[in-house]
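**Student:** compute the structure for the input listed below.
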Amino acid sequence: MTTEDQERRLRAIEDRFAILDLEAEYAYAWDLGTPRQWAEVFTGDGIFEMLPTGHTPHTRIEGRTALENFCTHIRQQWSGLHYMHPPHLKIEGDSAESVIFFEFRHVMRSDTQVRQGVTAGYYRTRYRRTREGWRMEERIEQAIGEDLQLSYPGTFTVTAGNRS
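**Tutor:** Just a heads-up that it's a prediction; the model follows:
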């Protein structure tokens, strides 16, 4: 094996791990509620798009400032944890693509109720190598289904009953 082959293979391994780290950062920042950190996994002109499904309308957000504002706003009503499968990843030079299946276990809060549930689906993501390292150029979320396991009033209170 030539030195050039070794360098090419090492670069491929480094790129794969850098993208896996970026995916971990995406979930970490969203789930812990750090909007700026979440927006920074995208390129400066990056796009996050949620395709319509059930009660969720089509949403498309472009640019880091808009992404940060979106995360700040939605985190006021939603919180949860991502459970993501390893990506089906193709890397070609300074660009890459993946499909990642996920579950998002969440709590949604409104003035009148709190709902717990699980959303399952997949992300189609395009990545680009930048001066900052690998970043998401475009992420499209397709939810496949949602299971709302528990709903209760937003003013839910527990009272003690009589004990004999």
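**Student:** contacts and neighbour counts: CA atoms only from here.
**Tutor:** Fine.
**Student:** who's the closest spatial neighbour of R128, skipping the chain neighbours?
**Tutor:** The spatially closest residue to R128, leaving aside those adjacent along the chain, is S95, at 4.6 Å (C-alpha to C-alpha, 6 or more residues apart in numbering).
**Student:** tell me the spacing between that neighbour and W78.
**Tutor:** Relative to W78, S95 is positioned 32 Å away (C-alpha to C-alpha, to the nearest Å).
**Student:** ok, back up a step: hang on, the residue nearest to R128 packs against T125?
**Tutor:** No - at 10.7 Å, S95 does not count as touching T125 under the criterion of C-alpha atoms under 8 Å.
**Student:** who's more crowded, those two?
**Tutor:** T125 (20 against 17; other C-alpha atoms under 10 Å).
**Student:** which neighbouring elements make contact with the one helix or strand the more buried one maps to?
**Tutor:** Using DSSP states H and E, T125 sits within strand 113-130. Counting contacts by 3 or more C-alpha pairs under 8 Å, 6 or more residues apart in numbering; DSSP states H and E, strand 113-130 packs against strand 95-109, strand 133-153.
**Student:** which one of the ones you listed lies nearest to H55?
**Tutor:** strand 133-153 (9.8 Å; C-alpha to C-alpha).
**Student:** immediately after the strand or helix carrying T43, which helix or strand?
**Tutor:** Here T43 sits within strand 42-50, counting by DSSP H and E. Counting by DSSP H and E, the next helix or strand C-terminal to strand 42-50 is strand 59-62.
**Student:** buried residues in stretch 17-36?
**Tutor:** For stretch 17-36, the neighbour count (16 or more other C-alpha atoms under 10 Å) marks 18-20, 22-23, 25-31, 33, 35-36 as buried.
**Student:** residues in contact with it: which ones?
**Tutor:** The contact list for stretch 17-36 (C-alpha atoms under 8 Å, 6 or more residues apart in numbering) reads 37-38, 41, 67-69, 71-72, 75, 79-82, 133-135.
**Student:** out of those, which sit inside strands?
**Tutor:** Judged by DSSP state E, the subset of those located in strands is 79-82, 133-135.
**Student:** which one of the residues you listed is nearest to P57?
**Tutor:** Relative to P57, the closest of the ones in strands among the contacts of stretch 17-36 is S79; by C-alpha to C-alpha it sits at 18.3 Å.
**Student:** what's the neighbour count on W78?
**Tutor:** 18.
**Student:** cool, thanks, talk later.
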